[in-house]
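> Got a sequence here, can you model it:
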Amino acid sequence: MKEIRENLKLILKTLPEKPGVYRFFDENGTIIYVGKAKRLKRRVSSYFNKDHESAKVRMLVTKIRDIQTTVVDTEWEALLLENSMIKQYKPHYNIMLKDDKSYPWLAVTKEEFPRIFPTRHPEPDKMQLFGPYSSVKQMNVLLDTINEMFPLRKCRRLVQNDRPCIQYQLKKCSAPCCGLITAEQYQQYIDQSIDIIKGKRREVISKLKDEMMKHADNWEFEEASRIKRQIEVLENFIVKSVVVSQQITDLDVFGMEEDDDCVYVSFLRIVDGAIVQAHTLELNNKLDRNAEEMLWTGILEMDERLQKLDGKGLFRTILVPAMPTIETDRWDFQVPQRGEKRKLVELAERNAHFYMLEKKKRQDLVNPERRSQRVLTALQKALGMKTLPRHIECFDNSNTQGEEPVAAMICFIDGKPTKNEYRHFNVKTVVGADDFATMEEVIYRRYHRLLEEEKPLPDLIVIDGGKGQLNAAYKSIKALEIENRVMVVGIAKRLEDIYKVGDEYPVYIDKKSEAQKLLQQVRDEVHHFGITHHRKRRSKASIASVLDDAPGIGTVLKQRLLSTFKTITRIRQASTQELASVVGPKRAQELQEYLNKQK
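Residues are numbered from 1 along each chain as shown. This next block holds a predicted model:
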């Protein structure tokens, strides 16, 4: 190992301060990582000269046994070479594009009379491809528009027939199988369909209008009317597709979203103010590379795909959320701050965000435990906990104008309520409405008992209240000497801020995050549980107080009445005979007279 380290030190000393691409090899001579650098010596040396926060980077460094570099003239050339080498060698630690074969494409077959249809199994040798489409609905609307405009064949195999099928009678096919349309005329339909798919819809309308006027000038009004119908169908489609001004055309838009494992790069193509193509790439971020590197990966990937499809690649103008530092003459990058172009960047970012959410929903359906693990990990990270908060207990107090003080505790295990662990507490030592003293008593009683019974303590204790209730709870935690074994936080009622003991300011947690929503769910559950119990207790107390002074009604008869009629209202509404069946005729008469006076 020492000899290996000496060998790497020697390589580092000889590296140039020039742009280029570096490759890390493992003990088997396999490329495990490819990277680019503006200054090779500085970038490569940084892997060995500092402690890295990322465990992935630390693991990579331990496996490096050799380093090779390629010097280029500019950082842009380094970026292109890096992208090419990653695709060629597929190194284990590099950004990897997740397979998106499941997305549908629009295919145009390479035949004399081509067919246009959706496919999830693209074959570039047999068909011209457009897509992929992340929205099946968007693709189907486009395909329906084309089929409504042009009578293209639908059958999979073109077999010569004497009579056309019903599709021809419905004017949905031009019957090339029967020779009712020439190859030249049919190809014109296909060319116009491809222009519509590519977004050149205004050009198609312009050509159709010229064609319509020619037929009208030649008094071919039936054919002119057919073309007018095609124009109306396409214009109706354009109206529904336009998202910004039609003057905004021929530009591409990128937006990004990321989670712990992946980065999602969303692409939109805008032509004549309409989105003609939308797609989201999912990239594995194995070494926590920065946002610009991930964005460049997405841009180069989409450019390569478009080059294969139309030979042109991305448009000259590209809207991005942040200006790239790498300079290139190939594209003009813009970072709009306001207006319709800014809305397009925000739309791309939303697309990336919703793609991420949909992916998580699909994963949760397949493996529900995955979601709870993800949420608990996020909560652990947000609160700075050493352990995963698998066991959470939450407390809340309630009283009625200082009377009937009670407390409630609920329990969540692995992010889900465990109702057989729910508890109610009738406050014993506190007189009047003293929330702080009530919380102190309840917390002490709960965990003193757990310690006595040698039961496991929770990982996280949540107090429904602000700093006052939190500090009161912590007094009991400290008195029991378990402050190093549990974490206690308070969730303030008004702004739903999360406070830790001793902190002046609340912990920052995104209000829309899953971690925050879990805490809110826990708080809402204990609130509901506590209020329900308090209402029942208050109701029983009010009934009992009315019957306490009733003549001839002792404890046993009072319990019988409550058991039979449930509420004081039903006791009042009961007939003498119904009351007599419980307390006897004489007491029933006296009880009715007493209750009538109480009204």
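
> Correct me if wrong: Glu441 contacts Thr429.
Yes - between Glu441 and Thr429 there is a contact under C-beta atoms under 8 Å: 5.3 Å. C-betas here are computed from N, CA, C, even on glycine.

> tell me which residues of the helix or strand hosting Ile205 are tucked away?
Applying DSSP states H and E as the criterion places Ile205 in helix 201-217. Across helix 201-217, burial judged by 16 or more other C-beta atoms under 10 Å covers Arg201, Arg202, Val204, Ile205, Lys207, Leu208, Glu211, Met212, His215.

> same question, stretch 153-170
Applying a neighbour-count criterion of 16+ other C-beta under 10 Å, one finds Arg153, Pro164, Cys165, Gln167, Tyr168 buried in stretch 153-170.

> Quick check: which element contains the most centrally placed residue in the chain?
The chain has Leu357 as the residue nearest its centroid, 2.1 Å off, counting by C-alpha atoms, centre = their mean. Using DSSP H and E, Leu357 sits in helix 339-366.

> Buried by neighbour count: which residues of that helix qualify?
By 16+ other C-beta under 10 Å, the buried positions in helix 339-366 come out as Lys341, Leu344, Val345, Leu347, Ala348, Glu349, Asn351, Ala352, His353, Tyr355, Met356, Lys359.

> So what sits opposite Gln68 in the bridge?
Arg23 (DSSP bridges).

> Return the residues in contact with it.
Tyr22, Arg23, Phe25 (C-beta atoms under 8 Å, 6 or more residues apart in numbering).

> JSON lines for those, including neighbour count, pLDDT and distance to Ser45?
JSON lines is the format used below for these (neighbours: other C-beta atoms under 10 Å; pLDDT from 0 to 100; distance: C-beta to C-beta, whole Å):
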{"residue": "Tyr22", "neighbour count": "22", "pLDDT": "90", "distance to Ser45": "11"}
{"residue": "Arg23", "neighbour count": "18", "pLDDT": "88", "distance to Ser45": "15"}
{"residue": "Phe25", "neighbour count": "17", "pLDDT": "89", "distance to Ser45": "17"}
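
> now, among these, which is nearest to Lys478?
Minimum distance to Lys478 across these is 54.1 Å, recorded for Tyr22 (C-beta to C-beta).

> Return the distance of that closest one relative to Gln88.
Distance of Tyr22 to Gln88, given as C-beta to C-beta, to the nearest Å: 15 Å.

> Equivalent analysis for Met256, please.
Distance from Met256 to Gln88, counting by C-beta to C-beta: 25 Å.

> more crowded one of those two?
Taking neighbours as other C-beta atoms under 10 Å, Met256 and Gln88 compare with Met256 leading, 23 against 10.

> Over to the more buried one. Which of the three states is it?
The three-state label given to Met256 by DSSP: H, G, I helix; E, B strand; the rest coil is strand.

> shouldn't it be in contact with Val265?
Yes - if you go by C-beta under 8 Å, Met256 and Val265 touch, sitting 5.6 Å apart.

> shared neighbours of these two, anything?
In contact with both Met256 and Val265: Met294, Leu295, Gly298, Ala352, using C-beta under 8 Å, 6+ apart.

> In strands, which of these fall?
In strands, judged by DSSP state E, none of those are found.

> With pLDDT and distance to Glu421 as new columns, can those be given to me in CSV?
Below are the shared contacts of Met256 and Val265 laid out as CSV (pLDDT from 0 to 100; distance: C-beta to C-beta, whole Å):
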residue, pLDDT, distance to Glu421
Met294, 86, 44
Leu295, 88, 47
Gly298, 88, 47
Ala352, 88, 40
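
> In TSV, list the residues you listed along with distance to Leu15.
Below are the shared contacts of Met256 and Val265 laid out as TSV (distance: C-beta to C-beta, whole Å):
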residue	distance to Leu15
Met294	25
Leu295	27
Gly298	29
Ala352	36
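
> quick one: low-confidence parts of the stretch 101-250 of the chain?
Within the stretch 101-250 of the chain, the segments meeting pLDDT under 70 span 101-102, 134, 239-243.

> what's the weakest-modelled helix or strand in the protein?
strand 96-97 (a mean of 67; mean pLDDT, DSSP states H and E).

> Doesn't Leu129 belong to a strand?
Yes - counting by three-state DSSP, Leu129 is found in a strand.

> wait, doesn't it sit right on Pro122?
Yes - contact criterion C-beta under 8 Å: Leu129 and Pro122 qualify, at 5.1 Å.

> hey, what's in contact with both of the two?
By C-beta under 8 Å, 6+ apart, Leu129 and Pro122 have these common neighbours: Trp105, Ala107.

> Remind me which helix or strand the nearest residue to Lys207 once chain neighbours are set aside belongs to.
In this structure, Lys207 finds its nearest non-sequential neighbour in Gln192, 7.2 Å apart by C-beta to C-beta, 6 or more residues apart in numbering. Using DSSP H and E, Gln192 falls within helix 183-198.

> got it, and Phe395?
According to DSSP H and E, Phe395 maps onto strand 391-400.

> Each with direction, which strands does that strand pair with?
Using DSSP bridges, strand 391-400 pairs in its sheet with strand 403-413 (antiparallel), strand 460-464 (parallel).

> Give me the contact list for the last one.
If you take C-beta under 8 Å, 6+ apart as the criterion, strand 460-464 is touched by 379, 383, 385, 389, 391-397, 439, 443, 469-470, 473, 477, 486-491, 493, 519, 522-523, 526-527.

> Please pick the buried ones from those residues.
379, 383, 389, 391-397, 439, 443, 469-470, 473, 477, 486-491, 519, 522-523, 526-527.

> where does the stretch 301-450 of the chain have low pLDDT?
Looking at the stretch 301-450 of the chain by pLDDT under 70, you get 310, 366, 399-404, 431-433.

> Name the nearest residue to Pro118, sequence neighbours excluded.
Pro104 (4.8 Å).

> ignore the last one, Gln138
Leaving aside its chain neighbours, Gln138 sits nearest to Ala278 (7.1 Å; criterion: C-beta to C-beta, 6+ apart).

> picking up where we left off before, between the buried residues of helix 201-217, which is nearest Thr249?
Arg202 (8.6 Å).

> quick one on the thing from earlier: most neighbours out of the shared contacts of Met256 and Val265, which is it?
Ranking these using other C-beta under 10 Å puts Gly298 first, with 26 neighbours.

> tell me the contacts of that one?
Phe254, Met256, Val265, Phe267, Leu281, Leu283.

> Let me know the pLDDT of the second one.
Right, the one you point to is Met256. pLDDT, Met256: 91.

> For it, give its distance to Gln363.
For Met256, the distance to Gln363 - C-beta to C-beta - is 20 Å.

> Kindly report the same for Lys137.
Here the criterion is C-beta to C-beta. By it, Lys137 lies 22 Å from Gln363.

> swap in Leu388?
Counting by C-beta to C-beta, the gap from Leu388 to Gln363 is 19 Å.

> repeat for Pro506
From Pro506 to Gln363 the distance is 31 Å (C-beta to C-beta).

> how many neighbours does Tyr447 have?
Neighbourhood size, Tyr447 [other C-beta under 10 Å]: 23.

> Next, give phi and psi for it.
Dihedral pair for Tyr447: phi -90, psi -20, per degrees, to the nearest 10.

> Touching, it and Ser476? I think so.
Yes - between Tyr447 and Ser476 a contact is recorded at 7.2 Å, counting by C-beta under 8 Å.

> which ones are touching Ser387?
Small correction: residue 387 is Thr, not Ser. Residues in contact with Thr387, defined by C-beta under 8 Å, 6+ apart, are Gln380, Asp459.

> which secondary structure element contains it?
Judged by DSSP H and E, Thr387 forms part of no helix or strand.

> What's the separation between it and Ile196?
The gap separating Thr387 from Ile196 is 58 Å, by C-beta to C-beta.

> Val276 now?
From Val276 across to Ile196, the span is 9 Å (C-beta to C-beta).

> same thing with Tyr355?
Taken as C-beta to C-beta, the span from Tyr355 to Ile196 is 26 Å.

> can you check Lys428 too?
78 Å.

> Looking at these two, which is more packed in?
Ranked by neighbour count (other C-beta under 10 Å), Lys428 and Ile196 place Ile196 first, with 22 against 9.
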